[in-house]
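Q: Starting from these lines, generate the structure:
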Amino acid sequence: MAKFFNVTGPCIPTKHYMADISKQIAKIRKMVDAGEYFAINRARQFGKTTTLTALEKALKEDYLVIWLDFQALGSASYENENIFSLSFLELFFRELKRVHADKRQEMKDCMAEIQKVRREQNRKFDLMELFGQLLDICRTSEKPVVLMIDEVDSASNNQVFLDFLAQLRNYFLERDTKGVVTFQSVILTSVYDIKKLKRKIRPDESHKTNSPWNIAADFTLDMSLSRDGIAGMLAEYEKDYHTGMNIGEIAGLLSDYTSGYPYLVSRLCKLMDEKIGGENEAGKKDAWTRDGFLNAVRMLLMESNTLFESLIGKLTDYPELGRRYFLLYLRPIINGTGNYYVEARTRSLGRTDIIVDYRGQQFVIETKIWRGNEYHMRGERQLAEYLKDYGLQTGYLLSFNFNRKKETGVREIEVEGKRIIEAVV
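A: Residues are numbered from 1 along each chain as shown. I've put the predicted structure just below:
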């Protein structure tokens, strides 16, 4: 079966055209080898599951890797500690059966004990007993055990999950202080930052909280696709289709327009290959040009897709996504005739959102999330100060407002003698 550009689910090297992420996997492997617990927090469709797929393959020679997906647990699984503990054990056992090849009697006894718990469905089975079973597996396994849990966002609002994280933290600490044999490494993936979750110390003291995941190492790895990584993917495609594309140019365009966002890179490639290029050779040659690429960008911006819907829904939590979304529209407009700069420093040491140089003129653009009138007015005054620094009379303010009674549209106002054109979306 011929390879294709994938935009749904994890990318598999034998099935899909994909950028080489082996360097990123090697860096994550070092964290696992060091016994670190950490969370991979990235936006939707940023390659988290693809990364875990490649990581499992890289680790399985030296580790027993248990990879769970919390999307498999329904809302009823978090009803109380007993139900969660039994549900987690069921999920863990299924994955253990899939991956383990340890035939020693001691491991067989551990698995038999888990099967007994599953059959009995003991209503007193709690987190302490759950971790007793998990630690037995860690202790008897021939290889160190690595636990990977995908999609933990689905559990993050549940107190029992926070209690579960607290248990992981406790045994992580006892690994060094008391020599407890526990997981070699625990990796969580989510959209939100798990470190920011707070757990009540006691149910009746809501003001006394702590973080159950404060032992986690910082995960600062850049997971965006590099220009060289994109070029390697295009080179593989070019071997199959011989379009005559300028690989360096197209890779540069993809990198510049998307900032290496994995979904956007793959989606643009898929549009060029399937929608613009089609089945005939001439069509594919035209598709993999600068004009074909810009046509794909226009198609991307006009279509409805799950990523854009998710980004718009997350702008309040991740304001930087608003700027990235806006730049996707801006780039085709200034294409070849201008430049833009992000967070440029002003003479008064401020930092603007976006500066655009276009056909001999300069434009200052600020993007803001609506958080009330006072916050909004501060943003208008801030923009006016930037205009003074740049010696400009007119500036532009793009406001993302998610209030149901919002008034969208464009208006013109004057602030501190400066003209501000504001668009509310």
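Q: quick one: average pLDDT of the helix or strand harbouring residue 130?
A: For residue 130, the element it lies in under DSSP states H and E is helix 127-140. On average, the pLDDT along helix 127-140 is 94.
Q: can you pull the buried residues of it?
A: Residues of helix 127-140 classed as buried by neighbour count (16 or more other C-beta atoms under 10 Å): 127, 129-131, 133-138, 140. For the C-beta atoms, the positions are set from N, CA and C on the backbone; glycine is no exception.
Q: Residues touching the next helix or strand after it, excluding its own?
A: Tracing the chain C-terminally past helix 127-140 and defining elements by DSSP H and E, one meets strand 145-150 next. With C-beta atoms under 8 Å, 6 or more residues apart in numbering as the test, strand 145-150 has contacts from 32, 48-49, 52, 55-56, 59, 63-71, 137-138, 183-189.
Q: what lines up beside strand 145-150 in the sheet?
A: Strand 145-150 has the following sheet partners, assigned by DSSP bridges: strand 64-69 (parallel), strand 185-190 (parallel).
Q: Using CSV, write down the CA coordinates of stretch 141-151.
A: C-alpha atoms of stretch 141-151 as CSV (Å, rounded to 0.1, in the frame of the first residue of the first chain):
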residue,chain,number,x,y,z
SER,A,141,9.3,-7.7,36.3
GLU,A,142,12.6,-8.7,34.6
LYS,A,143,12.8,-5.2,33.1
PRO,A,144,12.1,-1.8,34.8
VAL,A,145,8.5,-0.7,34.2
VAL,A,146,7.7,2.5,32.4
LEU,A,147,4.1,3.8,32.7
MET,A,148,2.7,6.0,29.9
ILE,A,149,-0.8,7.5,30.3
ASP,A,150,-2.2,9.3,27.3
GLU,A,151,-5.1,11.8,27.3
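Q: chain center to that stretch, what's the gap?
A: In this view, stretch 141-151 has its centroid 21 Å away from the chain centroid, taken as C-alpha atoms, centre = their mean, to the nearest Å.
Q: Flag every buried residue along it.
A: Residues of stretch 141-151 classed as buried by neighbour count (16+ other C-beta under 10 Å): 141, 143-151.
Q: between the residues you listed, which is closest to residue 5?
A: residue 150 (22.6 Å; C-beta to C-beta).
Q: wait, isn't residue 368 in contact with residue 400?
A: Yes - counting by C-beta atoms under 8 Å, residue 400 is a contact partner of residue 368 at 7.2 Å.
Q: for the chain, what helix or strand is lowest in average pLDDT?
A: Here the helix or strand of the chain ranked lowest by mean pLDDT, DSSP states H and E is strand 199-200, holding a mean of 48.
Q: quick one on the thing from earlier: can you state the direction angle for the helix holding residue 130 and strand 145-150?
A: 130 degrees (axes from the mean of the first three to the mean of the last three C-alpha atoms, to 10 degrees).
Q: contact partners of helix 127-140?
A: Under C-beta under 8 Å, 6+ apart, the answer for helix 127-140 is 81, 84-85, 88-89, 92, 96, 102, 104, 106-107, 109-110, 113-114, 117, 144-145, 160, 163-164, 167, 171, 180-183.
Q: show me the contacts for residue 80.
A: residue 160.
Q: per-residue pLDDT, it?
A: In this prediction, residue 80 has a pLDDT value of 92.
Q: how about low-confidence regions in the stretch 1-150 of the chain?
A: 101-102 (pLDDT under 70).
Q: hey, where'd the strands end up in this structure?
A: Ranges of strands within the chain are 4-5, 16-17, 38-41, 64-69, 145-150, 185-190, 199-200, 209-210, 338-342, 354-358, 361-369, 394-400, 409-415, 418-424, based on DSSP state E.
Q: quick one: residue 31 and residue 214, what's the gap?
A: Counting by C-beta to C-beta, to the nearest Å, the separation of residue 31 from residue 214 is 17 Å.
Q: Neighbour count for these two, which is higher?
A: residue 31 (17 against 10; other C-beta atoms under 10 Å).
Q: Could you measure from that one over to residue 105?
A: 33 Å.
Q: again, but for residue 88
A: Look at residue 88 and residue 105: by C-beta to C-beta, they are 26 Å apart.
Q: all helices of the protein, in order?
A: Counting by DSSP state H, the chain has helices at residues 22-33, 48-59, 81-99, 105-120, 127-140, 159-177, 227-241, 247-258, 262-270, 281-287, 290-302, 306-313, 320-334, 373-390.
Q: just checking, what packs against the second one?
A: Packing contacts for helix 48-59, counted by 3 or more C-beta pairs under 8 Å, 6 or more residues apart in numbering; DSSP states H and E, involve helix 22-33, strand 64-69, strand 145-150, strand 185-190.
Q: Next, the buried residues of the first one.
A: Judged by neighbour count using 16+ other C-beta under 10 Å, the buried positions of helix 22-33 are 24-25, 28-29, 31-32.
Q: tell me the angle it makes with strand 145-150.
A: Angle of helix 22-33 versus strand 145-150, following the same axes, to 10 degrees, is 120 degrees.
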